[in-house]
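Engineer: Have a look at this fold, sequence not included:
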């Protein structure tokens, strides 16, 4: 029987998974947009985004638009790769579960 | 955790990924209001040009609608993410708007603008923009709007003033007002469903 893959613990958290999935469909997104899509609090969202940034899965850009600060997040190559690997692993696990 | 519960949790995560990817890509449906705004602008311009007999009616109304669109879009721009599809949509409608405005203004200034060629040009341009957008977005309803605009352009070439006017007014009503309101309602429903079903507020 083939060995079942491990799921990446950085991505496995529901909010972090949602954030990476949201960012994979866009070029860059603002903090407020991510908050509205996930329904998360500022503190929790900030903490999870920081974990993803530390893992090198997302990059952060800060700029001012009409004197208002704006924080923009985008997914890195490593992030895309990690999410793809996570989905493959997830499907393998589910395939194994269905086959059992 | 039992095997079944674990499998359910994994399936939930797979669904979450799919939902969130779709949510990120869904940026164009928030443009329903622009269809309504431009539909109203066309009616205002037609009423002003017909009742007021003013040559300024169309250029002034179109510029005002353009400025209003830019102001309203820039106010909500921060809430939307940057996407390739979003930029493609902006490019299509901007190019269509500039082309139509340039040709119509030139025809107006040269004294060669009449009801038939203006309906034919506007119908063809809006048909092209709606068709391109619908193919990118895979949105059948918008392609139906393109067909209606093309039909009004053809009607404008072959029929009397009255029939051309009625065809143009009907195309504005269905493809701008009704389609725009449909887009706004669809967006609001999807937002409510997404808010209710997300459940990802924790790590």
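Structural biologist: Happy to help now that I have it. Since the model is a prediction, treat every value here as computed from it, not as a measurement.

Engineer: How about the secondary structure of residue A:29?
Structural biologist: Following DSSP: H, G, I helix; E, B strand; the rest coil, we place residue A:29 in the strand state.

Engineer: could you pull out the helices for chain A?
Structural biologist: A:9-12, A:14-24, A:31-38, A:42-54, A:77-99 (DSSP state H).

Engineer: Give me the pLDDT value at the closest residue to chain A within chain B.
Structural biologist: Closest approach between chain B and chain A, counting by C-beta to the nearest C-beta: residue B:24, at 3.0 Å. To be clear about C-beta, it is placed using only N, CA and C from the backbone, and glycine gets the same treatment. The model reports residue B:24 with a pLDDT of 71.

Engineer: Does it touch residue A:23 like I think?
Structural biologist: Yes - counting by C-beta atoms under 8 Å, residue B:24 does reach residue A:23; the two are 6.9 Å apart.

Engineer: more crowded one of these two?
Structural biologist: Neighbours were counted for residue B:24 and for residue A:23 using other C-beta atoms under 10 Å in any protein chain shown; residue A:23 has more, 27 against 20.

Engineer: Look up the closest residue to the more buried one, ignoring the ones flanking it.
Structural biologist: residue A:75 (4.3 Å; C-beta to C-beta, 6 or more residues apart in numbering or on different chains).

Engineer: Report the beta-bridge partners for that neighbour.
Structural biologist: Counting by DSSP bridges, residue A:75 forms beta bridges with residue A:58.

Engineer: tally of neighbours for it?
Structural biologist: Neighbours of residue A:75 (other C-beta under 10 Å): 24.

Engineer: correct me, but it touches residue A:58?
Structural biologist: Yes - with contact defined as C-beta under 8 Å, residue A:75 reaches residue A:58; the gap is 5.7 Å.

Engineer: Give the residues shared as contacts by the two.
Structural biologist: Residues touching both residue A:75 and residue A:58 by C-beta atoms under 8 Å, 6 or more residues apart in numbering or on different chains: A:20, A:23.

Engineer: Quick check: the residue of chain A nearest chain B.
Structural biologist: Closest point on chain A to chain B, by C-beta to the nearest C-beta, is residue A:25, at 3.0 Å.

Engineer: where are the low-confidence patches of chain A?
Structural biologist: Counting by pLDDT under 70, chain A contains low-confidence ranges at A:1-4, A:96-100.

Engineer: Dead centre of it: give me the residue that sits there.
Structural biologist: When C-alpha atoms, centre = their mean is applied to chain A, the residue found nearest the centroid is residue A:20 (2.1 Å).

Engineer: Fine by me, thanks again.
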